[in-house]
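Colleague: next input, structure requested:
(chains A, B and C)
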Amino acid sequence: MGRYCVKRLLSTIPLLLVISFLIFMFIHMIPGDPARLIAGQDATKADVKVVREQLGLNKPLLTQYGEYMKGLVTGDMGLSIRNGKTVEDTILPRLKPTILLTLSSAMWAIMIGIAIGVLAAVFHGKMADYLGMLIAIVGISVPGFWLGLQLIQMFSVSLGWLPTGGLDSWQSYVLPSLTMGSGVMAIMARFTRSSMLETMRADYVRTARAKGLIESLVVLRHGFKNSLIEIVTVAGLQIGGLLSGSVMAETVFSIPGLGRLLVDSINLRDYKVVQALLLFFALEYIVINLIVDLLYGVINPKVRYD
Amino acid sequence: MKKYQKILGVLLAGAMVFSMAACGNSSDNKDTSDETTKNSANAGSEAAGGADADGYIVKATNTDSKSADNDLVIAIEGSVSSMDPMNIPDTNAISATRGVYETLVKFDEKNELTGGLAESWEVSDDSLVYTFHLREGIKFHDGTDFNAAAVEANYERVMNPDNNLSQRRRFVVAKDDGSETMRIESVKATDEKTMVFTLTEQWSPFINRMTQFCIISPAALEKYGNDIMYNACGTGPYTIVEWEEGDHTAMKRNDDYWGEKPGVDTITIKEVPEAGSRTAMLQTGEADFIYPTPSDQINAIKGTDDINVMTADSNIMRYVTLNTGLKELSDIKVRQAMNYAIDQDAYVQLMYSGYAKKATSVVPSIISGYEEQKEYTYDVEKAKELMKEAGYEDGFKLTLWGDNTTQEIKGMTFIQQQLEQIGIEVEVVPMEPATVSEKIYVDKEDAEINMWYVNWSASDFTMDGSLRSLLYSTMAPPNSANTVYYNNPEFDELLDKGLKTADEAEQKSYYSKAQKMAWDDAVWLFLGNDQIIYSTKSYLSGVYVSPDGAFNFANAVLAQ
Amino acid sequence: MAQTKINGYSDQFAAAEELPKAKSRAKEFIKKFLKRRTAVVAFVFIILMIIMAIIAPYIVPYDAGQADYSNLLSGPGKGHIWGTDEYGRDIFSRLMVGTRTSLFSALTATVIGTAGGVLLGLLAGFFGGILDSLIMRFCDVMFAFPDILLAIAVVAIIGPGMINVMIAVAVFTVPSFARITRSATLSVKQELYIEVARSLGCTNSRLLFVHVLPGTIPSMIVNFTMRIGTAILAASSLSFLGFGANVTEPDWGAMLSQGRNYLNTAPHIVLFPGILILLTVLAFNLLGDGLRDTLDPKMN
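Modeller: This next block holds a predicted model:
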C-alpha cells in the first residue's frame, strides 16, 4: 500500500505541472495592474513604470513563468507584493487556523449529517424524515454571512456565552464551526439519506431482513456499511472545499485563514501568493482523493490497489 | 397536506425567533425609523446630523465605568499590512507603526505640526534648507542612542533602490524616460543633534512628508535588513510583541520611554473586517475601541450605557468625475444641471445617516486654503431647465463606474436614482478596484469612462495634494487620475504658483481662485465629506482618529 | 445502405413499441406523483413563484425602484407590509419583482451547468479510455479550483452583469454533474437493454441520448434541485464579495447581502428575503425528492 501511495503521488507531478501553467496564465489573464495598485492613484505613469520593473512584471509572461518555476524548484516561491514578505511567511501562519477550523467544522457536520441521513432513511416518509430533511435544507439555504452574524448577535452579544471571533480559545471555534459546517452537514445528510435508501432496498438487505436479523443490525451492518463508499467520497470533497477556506466565515469571525488571504491577494493581484495558494489547494485535493481511495480499501477489503 | 403545514409553521417560527432574538437588545423597528427622520431634520439645518460640539454622537451615561484590565484592544477594519514604516501601504499600518516608531515632526491632536524627535526646526528664507534640532538622551528599544547619524542612516536606507521601499518614491521624481531626479539634494548631520536637509528645488509639502519619516534603530537595521518588519525597533512608547499579519499586532509598554509614560500595559490591534462583528466586539467588551463604526451601526449601539460614539472631520472628498471628453458632458450646462439634480442632504442622510457633511468646495474644509463655494441647491426644475437649454431635454445614457463594496454600490445607486429625475439613464457598473484602475489608466483615445464614483483624501492636507493629480491638465490618464480630462491652463498656472510660494497669504489667493474655477466649471458631481466615526468604551480616554483615518493610541488610558 | 435500413427499422420498431407504453407511463407517473403530497405542495409553490415572476411588475403596490428618502428603513406595517429598505423602497414589491431575476438566473445557470456536466459525464462514462481520463482530469482541476476564484475571474474578465454571474455559477456546477453522470452511466451501461439496443445496431449517439441518458435521470434530479438552491445562494455570496449580478434591479441574493449591515437595527430588511429564499430552496428540494421517488421503479 505504501508503494501504491508513492506511485499515486508521483503520477500527480505532471498534473501539477499542467495545473501550475494553467494557473499562471489564468491569473495573469485577469485584468488589473498590481503596479498601479501598489503605486497608488496619484502616482504618475513613470512612477508606475518604476514599480512594475521592481516587481519584474515588465518581462514577457513566459519568461516570468520560467523564472517562477526555477524559483519553485529551488524552494523560492518569491515575495508578496503587498509588503515584501516571502510567500511562505505569508501563507504558513494562515494554515493553522484554516486546518483547525476545517477539522472542527467537518467533524461535527459529517457526524451529525450522517446521523440525520441514516435516521431519515430508516424512517423514510415519516415525521423524522421530514424533520431531518428540513434541517438539512435550512443548512443549505442559509448564507454563511447571515448565519454567522445571527449567531454572534445571539450567543455573543445577547447571551454573552461565546466570543465573537478570533481563535484564542476552544470557545472561539464554536460559532465559526457551526457556520462553516452547516452547509456540509446538510449535504452529508441528503447524500447519506439517498444512498441509504438505495442500499436498503438492495437484495442482500432484503435477504438479511428475511433471515430475521433485527432492524438496527440490518441498518448498520448492511445498509450503512454499503453506503459508506459514497458517503466517504462526498465527505472528502466537502473537506476539500472547507480547506480552501470559507471566506465568509473567516470575514465574519475575523479569522486569518486561507480563504480571506486568497480573496485579498486576488484583489491586490498578488500573483505569487495566489499561485502558491492555488497550487496548495490542488495538492490538497489530490491528497484528499488519495486518502478517500485508501479508505475504500478499509471499508471494503475486496478493493485492490495496483 | 397537514404535515406540510406543520413543517412550514415550525420553519417560519424558527426563522422569526432566530432573527428576533438576534436583535433582542436593540431598539425595535419603529424606533429606528423615528430616529432616522429626526436625523434627517437635523441634517437639513446643520449639514451634519447628530454630533454635538465635542464630536459625540452617542455619549455614554455610565461615565465612571471601569476596565477589567489594563490591556487596550483596538478592532479595525483593514489589515496592518506591514510593520516597516518605510514600506507602508496603508493608513492602518501607519497607525500601528506609530506605537513603536516616532518621527522628527508630527501632527498633534488639533492637526497642527509640532515637534517629535526634533525639538525644533527652521526653514531658510529661500525655502530650500530645513534644519532640525534633535532631542537628546533618547534611546532606541535596543538600547542604542538616537542621534543625527541615525536619521542619516534611515534616509540612506530609504533611498537605496535595492531595498525596494515604497517611501523612496516620495523623495524622487520619476520621469517618463526612466530617469529620476532627487527632491533632496543632501542630508547632513552637522553634529550629534543637528540635521540639515537641503532641497533640490522648492517643494512645500516636504515638512508634511517628514511626518511619515520614522526613525528606525540603525543597529537593528544593520542586524535585520528588510526583516526589520518582524523586529520593529524604534523609540516609541510601546515595544513590539508580535505582528501577525491578517490577525493582530501586539505591543507592550516601554517603561523607558523618554516622554510621558504610557498609560496601558499592552496594545492589541485586531483586524475585524465585518462591521457587525466589530460592533458586537465593542458591545461584549472584547474590544475597547473600534474604528470605523459605519453609521448604520450607530442605532445598534444606542442605549448601551458605557459606549461613546464620536466623530471627527475627515479629509475624504466624495464625488463623481465627469469625463468632459464626452460630447454631452463637455457642455457646462449639462454638468451644472446634474449637480442641481443631486440632493446632497438626502445623500448625507442615506449614506451616512446624517453623519457626514455636504460638499461645499472641491476640497474638504480641513484642507489648508479651503474656501466655501456657492451651493448647487437641489432644484430639479432648474436642472431640467438647464438640460433643455443644452438641448438634452430628452436626456441620454451614461455609465457610472465605481468600486464593488456594499457602501460604494449604495452611493452609485443613489446617483442613478437622482439623475433619472432629469432624464439621464445611468447604468451602475461596480468593479473590483484593480479592474477599475485597469480601465481608468488608459490612453485618451481608448478611454471608455463616463462617470466615476470615487473619493480622494490628500494625506498631506495640502491643496496641491488635493487637486493636482485630479484636475491638472497633464495628469490625465494614463499619467494620473485626472479622469475629468480637465484642461484649463489658467487653473494649472494657479496650482503651479501655489506650489512654489512659501508665503501663506499669497498661496491662499491662488488657491481661492483655483477652487472657484473648478467648482463653477462643475467638473464633478459634488457629494460630501465623510465624518470619521469611531466608538470607545467610556472607560477609555486619550485615543482619537485623525482626519486622514489614522488612529492614535499613544496616550491611551483605561480607567481602573 | 443496409445499415440505415436496419436503423430505420429499429427506429420504427422502437417507436411502435414505445408510444402507447409511454402514454400510460406518463399517466401512471402523474398518478404516483399526486400521491406525494409534500412534493405536490412544493410544485404548486414553485408554479406560483413562476407566475409571480411573470406578472409581478404589473401587480405590485409600489414601483420596485421607487426611492422614498423620507421613509428609510421603516418596519413592516401599514403602507408597506414588509417595510422599506435603506432607500425607502418597498420590500414586498422588490421581492416579488425580484422573483424573476432570482429564479430565472438560478434556473438558467443550473440548467446550463447541468447540461454541460451531463454531457461530459455521459461521454466519459460511455466511451471510457483516454476521453474518460481527459474529462475526469479536467474535472479534478475544476474541483481543485476554489469556486470563488473562478467566479471572480469570470466577472473580472468579462465584466459584471447577470449573464456573466450565471456563467460563473454554471461553470462550477459542471464538474460535480460530470462525476455523478459518469458513475450513473457506468452502471446503466451494464444493463441488459443497452446490450440489446447495441446489438440492434443503434448508433452511439442514439444509444447515449435515447437509452443511456434517461437511465441516469433519477440520480440527477436530487442533485439538480439541490443545485438550484445553491445557485440562488451563490448569487448572494457573490454579492457579499462585491461581484453581484444586479445592483439596481431587485434580486433576492443581493437584497440579503446588501441588507446585512442592518441586521441589528432593521432586521426586516434581511428577514423577508431570507425566508423567501429558504422557502424556494425548500420547495425545489421537496419537489426533487418527490420526483425521484416517483421515478424510482423500486419504490411503491
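
Colleague: quick check: A:V50 vs A:G78, distance?
Modeller: 19 Å (Cβ to Cβ, to the nearest Å). Where C-beta positions appear, they are placed from N, C-alpha and C, glycine not excepted.

Colleague: can you tell me the SS state at B:T399?
Modeller: strand (DSSP: H, G, I helix; E, B strand; the rest coil).

Colleague: contacting residues around it?
Modeller: B:V426, B:E427, B:V429, B:N450, B:M451 (Cβ atoms under 8 Å, 6 or more residues apart in numbering or on different chains).

Colleague: likewise B:H133?
Modeller: B:H133 neighbours (Cβ under 8 Å, 6+ apart): B:A118, B:E119, B:S120, B:W121, B:K193, B:T194.

Colleague: tally of neighbours for the residue of the stretch 1-150 of chain C found nearest chain B?
Modeller: The minimum distance from the stretch 1-150 of chain C to chain B, using Cβ to the nearest Cβ, falls at C:G75 (2.7 Å). For C:G75, the neighbour count with other Cβ atoms under 10 Å in any protein chain shown is 18.

Colleague: excluding covalently adjacent residues, which one is nearest to B:W519?
Modeller: Leaving aside its sequence neighbours, B:W519 sits nearest to B:Q373 (Cβ to Cβ, 6 or more residues apart in numbering or on different chains; 4.3 Å).

Colleague: so the one you found touches B:D521, yeah?
Modeller: No. Applying Cβ atoms under 8 Å, one finds B:Q373 not in contact with B:D521, separated by 11.4 Å.

Colleague: between the two, who's got more neighbours?
Modeller: In this view B:Q373 and B:D521 are compared by other Cβ under 10 Å, and B:D521 has more residues nearby, 19 against 16.

Colleague: hmm, that one is touching B:S330, no?
Modeller: No. Assessed by Cβ under 8 Å, B:D521 is found out of contact with B:S330, at 11.2 Å.

Colleague: coming back round to it: in three-state terms, label the residue of the stretch 1-150 of chain C closest to chain B for me.
Modeller: At C:G75, secondary structure determined by three-state DSSP is coil.

Colleague: so it sits right up against C:A266, yeah?
Modeller: Yes. Under the criterion of Cβ under 8 Å, C:G75 makes contact with C:A266 at 7.0 Å.

Colleague: state the mean pLDDT of the lengthiest helix in chain C.
Modeller: Longest helix in chain C, counting residues (DSSP state H): helix C:91-127. Averaging pLDDT along helix C:91-127 gives 89.

Colleague: also stretch B:335-351?
Modeller: Averaging pLDDT along stretch B:335-351 gives 93.

Colleague: first-to-last residue distance for it?
Modeller: 23 Å (Cα to Cα, to the nearest Å).

Colleague: hang on, B:P477 in a strand?
Modeller: No. Under the criterion used here (three-state DSSP), B:P477 is coil, not part of a strand.

Colleague: apart from its neighbours in sequence, what residue is nearest it?
Modeller: B:P477 sits nearest to B:Y441 (Cβ to Cβ, 6+ apart), 4.9 Å away.

Colleague: so for C:Q3, what's the pLDDT?
Modeller: So C:Q3 comes in at 38 (pLDDT).

Colleague: coming back round to it: and which of the contacts of B:T399 is nearest to A:L134?
Modeller: A:L134 has its nearest neighbour among these in B:V429, at 40.1 Å by Cβ to Cβ.

Colleague: of the contacts of B:T399, which is the most crowded?
Modeller: Of these, with other Cβ under 10 Å as the count, B:M451 tops at 28 neighbours.

Colleague: residues in contact with the closest residue to that one other than its chain neighbours?
Modeller: For B:M451, ignoring the flanking residues on the chain, the nearest one in space by Cβ to Cβ, 6+ apart is B:L400 at 4.6 Å. By Cβ under 8 Å, 6+ apart, the residues touching B:L400 are B:V320, B:M412, B:I415, B:Q416, B:V426, B:E427, B:V428, B:V429, B:N450, B:M451, B:W452, B:Y453.

Colleague: ranges for the helices of chain A?
Modeller: A:2-29, A:34-39, A:45-55, A:61-73, A:87-122, A:127-141, A:144-151, A:171-200, A:203-210, A:215-217, A:225-243, A:247-252, A:258-268, A:271-299.

Colleague: name the helices or strands packed onto the second one?
Modeller: The one in question is helix A:34-39. Based on contacts counted as 3 or more Cβ pairs under 8 Å, 6 or more residues apart in numbering or on different chains; DSSP states H and E, the elements that helix A:34-39 packs against are helix A:45-55, helix B:433-440.

Colleague: what residues does the last one touch?
Modeller: This means helix B:433-440. When contacts are defined by Cβ under 8 Å, 6+ apart, helix B:433-440 is touched by residues A:31-34, A:36-37, A:41, A:267-269, B:401-404, B:431, B:448-449, B:452, B:477, B:481, B:483, C:156.

Colleague: CA atoms only: put it into PDB for me.
Modeller: Taking Å, rounded to 0.1, in the frame of the first residue of the first chain, the C-alpha atoms of helix B:433-440 are listed here in PDB:
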ATOM      1  CA  PRO B 433     -10.600  48.200  -7.600                       C
ATOM      2  CA  ALA B 434      -7.900  46.600  -9.700                       C
ATOM      3  CA  THR B 435     -10.300  46.300 -12.700                       C
ATOM      4  CA  VAL B 436     -11.400  49.900 -12.300                       C
ATOM      5  CA  SER B 437      -7.800  51.200 -12.400                       C
ATOM      6  CA  GLU B 438      -7.100  49.000 -15.400                       C
ATOM      7  CA  LYS B 439      -9.900  50.700 -17.200                       C
ATOM      8  CA  ILE B 440      -9.100  54.200 -16.000                       C
END
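
Colleague: can you name the next helix or strand after that helix?
Modeller: strand B:451-457 (DSSP states H and E).

Colleague: and C:M96, how many neighbours?
Modeller: 23.

Colleague: surely it is in contact with C:I55?
Modeller: No. C:M96 is not in contact with C:I55 according to Cβ under 8 Å; the separation is 9.1 Å.

Colleague: show me what from the stretch 101-250 of chain C comes close to chain A.
Modeller: Contact residues (Cβ under 8 Å from any Cβ of the partner chain) of the stretch 101-250 of chain C with chain A: C:137, C:140-141, C:143-146, C:148-149, C:152-153, C:156-157, C:176, C:222, C:226, C:229-230, C:232-233, C:236-237, C:240-241.
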